[in-house]
Every structure is written in C-alpha cells, then in structure tokens.
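*Asks:* Sharing a sequence plus its predicted fold:
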Amino acid sequence: MLSHLESGSGTPVVLVHGNFACKEWWRELLQDPPEGARLLAPDLLGFGDSPAPEDFTPSIPAYASALRTFLQEKGLENAILVGHSLGGAVAMEAAGPTTLGLVLLNSAPPSGLQTPEAYYPILEGYRHNPEALAQALAAMAPTRRPPWFPELVERAQRMHPAHFQGNARALAAWQLERAYPGPVLVVYGTLDPLVTRAMAEATAAFFPRGRLLVLEGVGHSANLENPGVLKDVLETFLKEVQGEVQGGG
C-alpha cells in the first residue's frame with residue numbers, strides 16, 4: 001500500500017501530490033481539514049515513503065494504477081480526487097465511474113505537458129544540487145513557503161533516480177483518452193510560472209462538467225502558499241458534491 005497521511009472524518013478526499021513532491025506538501029491542510037472531509041494524502045510510487053522498483057519507468061498510467069489499487073485497498077473508490085500539478089494528471093487518469101468529483105490544482109492539462117529538451121539535463125542535475133532544487137521548488141510557491149520547506153527539498157532529492165527526468169517525459173508522453181463525466185473544478189493560481197491560464201481553461205473545457213476557479217495572488221502551489229483558501233475551496237466543492245449525492249444527481 002502507498003504510504004499516506006490521514007486526518008478528518010466524513011467524505012473521503014484523496015490528495016495527490018505533484019512532481020518533486022510528497023504527502024508532506026499537504027501538511028497544513030491535514031492539520032486543519034475541511035469540514036466533513038476525511039483527507040488521505042498518499043506518496044506516489046518512488047516519492048516520499050512509497051518505494052518503487054529499481055527498474056521503474058515513470059508513467060502517468062503506472063501512477064494512476066497504483067493509486068486505484070490504494071483506493072481499492074482502503075475501500076475508497078468513491079473518493080473525491082484532488083490532484084496538484086503532475087498529480088492532476090494522475091487524478092484524471094485514475095478517476096472512475098464511482099469517483100465523486102475531481103479538483104485539479106494548477107494541474108497539467110489533459111493533453112500532457114511538454115518540457116523543452118534542453119531542460120532535461122537541468123532536471124537531472126537536481127539530484128546532486130540541493131541549492132538549485134530549492135530555488136526551483138521555491139519558484140513553484142512564489143508567495144509563501146512553510147517553515148519545513150527545507151524538509152520538502154530534502155525529500156524531493158530522495159525521489160527515485162528515474163523520476164528526475166522521467167516524470168517530465170511521462171507528462172510529455174501522456175494524453176487523457178476519456179473525460180471523467182462528473183463534477184470537475186479546475187483551480188488556477190494566476191502567478192503560476194509553469195502552467196498557463198490557457199492550459200487551465202483548456203482543462204476545464206475538456207470535461208463536460210468542468211469549471212474554472214481563478215485564485216489571484218497565488219502561484220503554482222496553493223497547498224503551500226495559502227492552505228486556508230484551499231480549505232475553503234474544498235469545503236465548498238464538497239458541499240456541492242454531497243448535495244448532488246443526497247439529491248440523487
């Protein structure tokens with residue numbers, strides 16, 4: 001089973017982290033969970049405390065398959081999936097007919113995310129250059145970083161060796177083949193240096209019930225920059241989804 005953190009009670013909400021990240025990126029949200037939500041934050045394969053085989057090749061389908069297995073083992077096939085960045089792609093891929101909803105937080109779009117070839121040696125260099133990695137991760141949370149940010153950098157350096165280049169290649173090779181039909185909330189921070197507003201708009205438009213929520217003054221990582229706002233967003237979405245379930249929608 002994937003290593004995970006858990007807090008709160010109520011409707012299951014599974015928090016899926018992004019690249020160079022881990023379950024600890026959700027720590028403040030876990031400390032103060034949305035009302036009516038049982039939060040579970042797993043480490044994806046090869047991240048944090050979830051080991052991956054030595055010969056593991058990163059792919060969005062592989063991450064999604066492991067996440068679906070985790071949900072089955074926990075009896076949570078009906079969970080709301082919240083995906084951040086690469087985790088958004090994993091959540092889209094993992095969503096099934098019993099999934100209650102998707103929240104995509106500055107997510108890679110359903111068409112995948114291309115990284116210029118010249119950037120791959122830089123990604124590989126982060127394995128041995130913690131200062132450069134810290135600068136790169138800081139750019140993903142431009143408005144605020146928690147006191148334990150150095151711990152997040154250290155954990156990022158301990159990713160599976162294949163992840164440093166492989167996750168970017170996985171996103172470049174991936175494309176979502178089917179649109180989840182349930183409620184989808186795309187949350188976009190306007191200061192994001194990686195995902196553009198056009199990408200966020202395209203993501204919302206891809207889903208039959210997709211809609212876009214724009215957060216001013218937030219960058220790529222609301223889970224680090226403004227967990228209080230993210231808590232409010234999730235509480236509102238959770239009430240909407242629960243209303244549909246109770247109404248038989």
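*Replies:* Received it, and whenever you're ready, just let me know what you need. These figures come from a predicted structure and were not determined experimentally.

*Asks:* how about low-confidence regions in this structure?
*Replies:* By pLDDT under 70, the low-scoring segments of the chain are 248-249.

*Asks:* Surely Val14 forms part of a helix?
*Replies:* No - if the criterion is DSSP: H, G, I helix; E, B strand; the rest coil, then Val14 is strand and not within a helix.

*Asks:* Report the separation between it and Gly87.
*Replies:* Distance of Val14 to Gly87, given as Cβ to Cβ, to the nearest Å: 10 Å. Glycine gets a C-beta too; all of them are placed from N, C-alpha and C.

*Asks:* more crowded one of those two?
*Replies:* Taking neighbours as other Cβ atoms under 10 Å, Val14 and Gly87 compare with Gly87 leading, 30 against 25.

*Asks:* What residues are bridge-paired with the spatially most central residue of the chain?
*Replies:* In the chain, the C-alpha nearest the mean C-alpha coordinate belongs to His84, at 2.4 Å (Cα atoms, centre = their mean). Beta-bridge partners recorded for His84 (DSSP bridges): Leu105.

*Asks:* what's the distance between it and Pro183?
*Replies:* His84 is 18 Å from Pro183, by Cβ to Cβ.

*Asks:* Please apply the same query to Pro51.
*Replies:* Relative to Pro183, and taking Cβ to Cβ, Pro51 is found at 34 Å.

*Asks:* who has more neighbours, those two?
*Replies:* Higher neighbour count among Pro51 and Pro183: Pro183, with 21 against 14, using other Cβ under 10 Å.

*Asks:* nearest spatial neighbour of the more buried one, skipping sequence neighbours?
*Replies:* Spatial nearest neighbour of Pro183, chain neighbours left out: Gly101 (4.5 Å); criterion: Cβ to Cβ, 6 or more residues apart in numbering.

*Asks:* same thing with Leu102?
*Replies:* Val184 (4.5 Å).

*Asks:* what's the answer for Trp174, then?
*Replies:* Ile60 (4.2 Å).

*Asks:* got it, and Pro142?
*Replies:* Using Cβ to Cβ, 6+ apart, the closest residue to Pro142 is Gly219 (4.1 Å).

*Asks:* Pretty sure the one you found sits against Thr143.
*Replies:* Yes - taking Cβ atoms under 8 Å as the definition, Gly219 is a contact partner of Thr143 at 5.7 Å.

*Asks:* residues shared between the contacts of these two?
*Replies:* Residues touching both Gly219 and Thr143 (Cβ atoms under 8 Å, 6 or more residues apart in numbering): Leu191, Glu225.

*Asks:* which of these two has more neighbours?
*Replies:* Regarding Gly219 and Thr143, a neighbour count based on other Cβ under 10 Å identifies Gly219 as having more, with 24 against 14.

*Asks:* Confirm that one sits in a strand?
*Replies:* No - applying three-state DSSP, one finds Gly219 to be coil, outside a strand.

*Asks:* before we move on, back to that, give me every residue that touches the residue nearest to Leu102.
*Replies:* So Val184 contacts Gly101, Leu102, Val103, Leu104, Ala204, Phe207, Arg209, Gly210, Arg211 (Cβ under 8 Å, 6+ apart).

*Asks:* Show me how to select, in ChimeraX, the buried members of the residues you listed.
*Replies:* Remark: buried members of the contacts of Val184, expressed as a ChimeraX selection using 16 or more other Cβ atoms under 10 Å:
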select :101,102,103,104,204,207,210
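
*Asks:* Pick out the most distant pair among the contacts of Val184.
*Replies:* By the measure Cβ to Cβ, Gly101 and Ala204 form the most distant pair in these, at 13.6 Å.

*Asks:* Show me which positions of the longest helix seen in the chain end up buried.
*Replies:* The single longest helix within the chain, with elements called by DSSP state H, is helix 227-247. For helix 227-247, a neighbour-count test (16+ other Cβ under 10 Å) marks Pro227, Leu230, Lys231, Val233, Leu234, Phe237, Leu238, Val241, Gln242 as buried.

*Asks:* Many thanks, we can stop here.
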